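>>> Structure, please.
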Amino acid sequence: MATTPRRPVNPLDAAEALFKPAKKTTAPPVERPVIPVATETVSIKIDGDVLAFFQEDGPGWQERINAALRKTMEATR
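You can find the predicted model right below:
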């Protein structure tokens, strides 16, 4: 059985080895669940009178436009 010396052969190499930067491990990427019904922010051009029609009832006009588009989409299936 080979014996290792109690002290390193070259103290300078041993000292430099102690001060080498540690290797950083990267964390595994976080898997995010897929949201089946998610809203997306988009930019769309709409005629002014159409926009005014949906906005005249106040807040929630974007949801009303979405509902109208969904109704049209389902009617064409």
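
>>> per-residue confidence at the spatially most central residue of the chain?
The residue lying closest to the centre of the chain (CA atoms, centre = their mean) is residue 32, at 8.0 Å. Turning to residue 32, the model gives it a pLDDT of 77.

>>> And it, how far from residue 17?
40 Å (CB to CB, to the nearest Å). C-betas here are computed from N, CA, C, even on glycine.

>>> if we look at the helix or strand hosting residue 69, which residues are touching it?
Here residue 69 sits within helix 61-75, counting by DSSP states H and E. With contact meaning CB atoms under 8 Å, 6 or more residues apart in numbering, helix 61-75 is reached by 39, 46, 51, 54, 55, 57.

>>> next one: that helix to chain centre, how far?
Put simply, helix 61-75 sits 28 Å off its chain's centre (CA atoms, centre = their mean, to the nearest Å).

>>> Equivalent analysis for stretch 70-77, please.
Taking CA atoms, centre = their mean, the mean C-alpha location of stretch 70-77 is offset from the chain mean by 31 Å.

>>> Using CSV, list the CA coordinates for it.
Extracted in CSV, the C-alpha atoms of stretch 70-77 (Å, rounded to 0.1, in the frame of the first residue of the first chain):
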residue,chain,number,x,y,z
ARG,A,70,-64.7,33.9,-29.6
LYS,A,71,-68.4,33.7,-30.6
THR,A,72,-67.5,34.3,-34.2
MET,A,73,-64.8,31.7,-34.0
GLU,A,74,-67.1,29.1,-32.6
ALA,A,75,-69.8,29.9,-35.1
THR,A,76,-67.4,29.2,-38.0
ARG,A,77,-66.3,25.8,-36.7
